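>>> Predicted structure and sequence below. I'll ask about it afterward.
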Amino acid sequence: MKLNVNFPHHPYDILIEKGSLSQAGSWLSQLWQPQKVVIVTDNRVARLYAEKVKLSLESAGFEAYVFDFFEGEASKNLKTVNKVYEFLVKVGLTRSDGIVALGGGVVGDLAGFAASTYMRGVHFVQIPTSLTAQVDSSIGGKTGVNTPWAKNMVGTFTQPDGVLIDPEVLHTLGQRELIEGMGEVVKYGLIEDKELWDELSEMDGSPESILEHAESIIYHSCDVKRKIVVEDELDNGVRLYLNFGHTIGHAIEATAGYGKVMHGEAVAIGMVQVSRVAEKKGLMPAGITEDIIQMCQKFGLPVDYQPWNESAFYQALIHDKKARGNSIKLVLVPELGSASIHQIPLEEMKEFLKK
Ligand SMILES: NC(=O)c1ccc[n+]([C@@H]2O[C@H](COP(=O)([O-])OP(=O)(O)OC[C@H]3O[C@@H](n4cnc5c(N)ncnc54)[C@H](O)[C@@H]3O)[C@@H](O)[C@H]2O)c1
C-alpha cells in the first residue's frame, strides 16, 4: 500500500508493506543514487534490525554505516545529537549523502533533527519501527529534541524523502508500547476517519488483533495524518485537530513526571475527560464518551488517572505551548469522524478538568 504526502515543495511516498524491511535497499535506490548512508537507530532496534537493513542497503550499492544510541526518551537531547554529528564527520558524510532513521519516535525525531542541521541539511528517510512512529511521528516533518527546560523544545520542520513501514516489526515491540500506539489510532478514527473507527469497533482488542489489522490501521492513520499535515505543514491551523485529547493528556504527562504515563495512554485519558465535559455541555453528541471509553478499554488503554489533581493539571496546561494569551484552542469532536476547534478562555478550561 502506498500513500503520497503531497507537499508541493517536497512530495514523498509512504510505503506500507509487510516484510518490506529486507527490501530497504531496493526501496532506497529508487529515491537516492548509491552513496554513503548512516543508519541512526537505538541499541534495542539496532540489535533486532540494523544488520538486516545495512545488508539490504549494501546489496543495493550503498556504503552503509550504523550509529546507535541508548534507547529511550532520556537520550533525545542535544548531547546525543552531538554524538551523531561526530559519527557523521568520522565517516565523512557529505551534503550529497543521507541518513536513515530506523526506530521509534525518539530515533525519528533525533535523526531527522541531525539530518536537517548537519551541514545545513542532508537527505533523510524514515523507517519507523514502533506503532507510534508508524502511525504518527514519521509523517509530517516535525523533528527535534528535548532540553532541560521543555520537551521537543529545539527542532525543525523537515520532510523526509520517503517513509518505509514494515508492520511485521511490530511483533517484537513490547505489549505496552503496542497498546500505547493505539491511543493515536483511536484518535484518528474519532477526528477524521469513520471507516477506521468501524474497523476498530469490529476488532476484539487483543494485541494479536492489533498485529493482524496492523497494515490497514497504519494505512488509515497515515492517510489522516498526511491529509492534515499537507494542509497545514507549519502547525498554524487544522494540524491542531491532531491534538484531540492532547491538551489534558500533556498536562497529565507533565504532572505524573515524564515517562510514568505514556503519551498514547495520556491521550486516551485526555480524550475521555474532554469528551465527558463537552458532552455535558452539548458540544459533543450524547453517548460519544461511553463509546470512546469502551473503545479505549477494549485495547487496554487507560481511561482514568489517579490522583486527579485539577489545579496541578491547570498549572501544567497554562505552561503548554498551545496556550496563547488568556485563551486556549481546544479540539472537540462534534460528530464521530470530524473535529472542530473551540477557542475558550483559560478560566473555562477549569471546567474541562472537573470530574
Ligand atoms: N515528530 C512527531 O510528529 C512526533 C509525533 C508523536 C511522537 N513523537 C515523539 O516520539 C517519541 C515517542 O515515540 P516511541 O513511542 O516510538 O518511543 P521510542 O522511540 O522510545 O520507542 C519505544 C521503545 O520501543 C523500542 N522499539 C521500537 N521499535 C521496536 C521494535 N520494532 N521492536 C522492539 N522494540 C522496539 C525502542 O527501542 C524503545 O525502547 C517521543 O519522543 C515523542 O515526542 C514525535
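Now that the structure is in, tell me what you want to look at.
>>> got the end-to-end distance for stretch 160-170?
For stretch 160-170, the first and last residues are 22 Å from each other (CA to CA, to the nearest Å).
>>> As a check, name the ranges of all strands in the stretch 51-200 of the chain.
Per DSSP state E, counting those that start in this stretch, the stretch 51-200 of the chain carries strands over the ranges 63-69, 98-103, 123-128, 142-145, 154-157, 162-165.
>>> Pick the most buried one from these.
strand 98-103 (a mean of 29; mean count of other CB atoms under 10 Å). For glycine as for every other residue, the C-beta is placed from the backbone atoms N, C-alpha and C.
>>> Tell me which residues are up against that one.
Under the criterion CB atoms under 8 Å, 6 or more residues apart in numbering, residues 24, 28, 32, 35-42, 45, 49-50, 53, 57, 88, 93, 107-108, 110-112, 114-115, 118, 122-130, 133, 138, 160-161 lie in contact with strand 98-103.
>>> Just the ones of these in helices?
By the criterion of DSSP state H, membership of those in helices covers 24, 28, 45, 53, 57, 88, 107-108, 110-112, 114-115.
>>> which among those residues are in contact with the ligand?
Residues of the ones in helices among the contacts of strand 98-103 in contact with the ligand (CB under 6 Å from any ligand atom): V45, V107.
>>> Next one: the residue nearest to T117 when sequence neighbours are not counted, what pLDDT does it get?
The shortest distance from T117 to any non-neighbouring residue, by CB to CB, 6 or more residues apart in numbering, is to T156 (7.0 Å). With respect to pLDDT, T156 has a value of 97.
>>> ok, now which ones touch T156?
G112, F113, S116, T117, T143, G144.
>>> swap the cut-off to 7 Å and go again
Contact analysis of T156 by CB atoms under 7 Å, 6 or more residues apart in numbering lists F113, S116, T117, T143, G144.
>>> picking that back up, out of the strands of the stretch 51-200 of the chain, which is closest to the ligand?
strand 142-145 (3.7 Å; CB to the nearest ligand atom).
>>> Output the contacting helices and strands for that closest one.
helix 105-117, strand 154-157 (3 or more CB pairs under 7 Å, 6 or more residues apart in numbering; DSSP states H and E).
>>> quick one: it near the ligand?
Yes - judged by CB under 6 Å from any ligand atom, strand 142-145 and the ligand are in contact via K142.
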